[in-house]
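Q: Okay, structure incoming, though there's no sequence with it:
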């Protein structure tokens, strides 16, 4: 994840997408987020991310 100006480029199961991360604080490259309609709505752990794939 590369964060710049409230936007991040993420890997969504192989597809790179630009999403808004303005609703979340303290995101770092490698963090997992839940995305809805192009907006990161929650930070999740790696185990949860694997379950929802």
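A: Done, it's in. Values in this document were obtained by computation on a predicted structure and should not be read as measured data.
Q: Quick check: bridge partners of the residue nearest in space to the middle of the chain?
A: Note on the chain: the residue nearest the mean C-alpha position is residue 33, at 3.6 Å, using Cα atoms, centre = their mean. Going by DSSP bridges, residue 33 is paired in beta bridges with residue 43.
Q: Pull the distance from stretch 2-13 to the chain's centre.
A: How far stretch 2-13 lies from its chain's middle: 7 Å, per Cα atoms, centre = their mean, to the nearest Å.
Q: now do the same end-to-end measure for it.
A: Distance across stretch 2-13, first residue to last, is 16 Å (Cα to Cα, to the nearest Å).
Q: ok, which stretches of this protein are strands?
A: Along the chain, counting by DSSP state E, strands occupy 2-4, 7-12, 15-20, 32-36, 39-44.
Q: Take these and lay them out in TSV including mean pLDDT and distance to residue 51.
A: Placement of C-beta: from N, CA and C, glycine included. Shown next, in TSV, are these (pLDDT from 0 to 100; distance: least, Cβ to Cβ, whole Å):
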stretch	mean pLDDT	distance to residue 51
strand 2-4	81	25
strand 7-12	91	16
strand 15-20	94	20
strand 32-36	94	11
strand 39-44	96	9
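Q: related to what we said a few turns ago, roughly how far apart are the residue nearest to the centre of the chain and residue 13?
A: 13 Å (Cβ to Cβ, to the nearest Å).
Q: ok so, going back, for residue 26, find the nearest of the strands of the chain.
A: strand 39-44 (8.1 Å; Cβ to Cβ).
Q: Can you tell me which helices and strands that closest one packs against?
A: strand 15-20, strand 32-36 (3 or more Cβ pairs under 8 Å, 6 or more residues apart in numbering; DSSP states H and E).
Q: what angle separates it from strand 15-20?
A: Going by axes from the mean of the first three to the mean of the last three Cα atoms, to 10 degrees, strand 39-44 is angled at 100 degrees with respect to strand 15-20.
Q: Begin at 56, not 1, for the rest of this chat.
A: Okay, using 56 as the starting number, the last item reads as strand 94-99.
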